[in-house]
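A.B. asks: Quick one, structure for this:
(one chain, ligands or ions: 1)
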Amino acid sequence: MRFTVLAIAGSQRHGNSEALARAALEGAAAEGATTVFAGLAGRRVAPCRGECFRTCHGDTVRPWQACIYRDDAAGILESMVEADGIIFVSPVFHAGIPAPFKNLLDRCNALSRFQDENIFSWLAGKAGGAIAVGGARHAGQEAVLGQLLDFMLSMQMVPVGFGERQGYRGLAALAEAAGAVASDRWVDYGSKPAAALDLARLFGAKVARYAVVLKQGRNQRPGSPGRKAEETIRGG
Ligand SMILES: Cc1cc2nc3c(=O)[nH]c(=O)nc-3n(C[C@H](O)[C@H](O)[C@H](O)COP(=O)(O)O)c2cc1C
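C.D. replies: As a prediction, this is how the structure comes out:
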């Protein structure tokens, strides 16, 4: 079965988030996924003003294309809708997600619609993974992972943990200067240290394995939320 894993690097520079995202995609590709990278470096995403509820949640097939802002968000949202698994990679800025990346997540409001008191999400049933990279220890990685996981839940995605490596909530890396993540060694409680990029590959592979199983499930279950989203988009 063909399936796609997307990784989004939420940094404004070509730095550690991008390196981790690309490593995660290498792991996903090894599991047979078609991979897509989307980075925010050099891209412009305006903040959601929440003033256009009818446009955003309207009945048009691809409402995110109808957003009042003509910037780079729609293209990334389109990739999210097309993907079966999405890996979100964020730097830590003042113990949280940097504003430009949060802008993108907020613009995902266009990927949900309120219908008969239910929230319909175009991301429902897709696998998701969270990776955070910060310059210091105990300085916000877990908070960022938590924000990303909550975002996934808000979109009815299925978050994937990294339990085998004691990373319950995903992968946290330590790196300051751009590229420094390549030398981050991550100690696995008593076992040998592993490199952050290797762990990102393992995590990407795991998200890919969930992505394909979930896709198989959606295909077998007409009417399930994720299947409904795909049928809506493809006019099925
Ligand atoms: C404005 C700003 C705020 C930051 N705040 C934090 C922080 O609160 N905690 C932390 O661990 N690192 C912090 N950092 C360091 C970055 O998270 C770190 O350099 C990271 O590797 C950047 O990822 P990137 O290379 O993908 O941009 C901050 C960096 C900047 C520029």
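A.B. asks: Next, find the distance separating Leu202 from the ligand.
C.D. replies: From Leu202 across to the ligand, the span is 20 Å (Cβ to the nearest ligand atom, to the nearest Å). (Each C-beta comes from the backbone N, C-alpha and C, glycine too.)
A.B. asks: Could you do Gly85 as well?
C.D. replies: Counting by Cβ to the nearest ligand atom, the separation of Gly85 from the ligand is 21 Å.
A.B. asks: same check, this time on Gln166
C.D. replies: Taken as Cβ to the nearest ligand atom, the span from Gln166 to the ligand is 19 Å.
A.B. asks: Equivalent analysis for Ala194, please.
C.D. replies: 18 Å.
A.B. asks: Could you find the closest non-adjacent residue to that residue?
C.D. replies: Excluding the flanking residues, the one nearest Ala194 by Cβ to Cβ, 6 or more residues apart in numbering is Trp186, at 5.3 Å.
A.B. asks: what residues are up against the one you found?
C.D. replies: Taking Cβ atoms under 8 Å, 6 or more residues apart in numbering, we find Trp186 in contact with Ala173, Leu174, Pro193, Ala194, Ala195, Ala196, Leu199.
A.B. asks: likewise Ala205?
C.D. replies: Gly27, Ala28, Ala30, Glu31 are the contacts of Ala205 under Cβ under 8 Å, 6+ apart.
A.B. asks: Which of the contacts of Trp186 fall within helices?
C.D. replies: Within the contacts of Trp186, residues falling in helices by DSSP state H are Ala196, Leu199.
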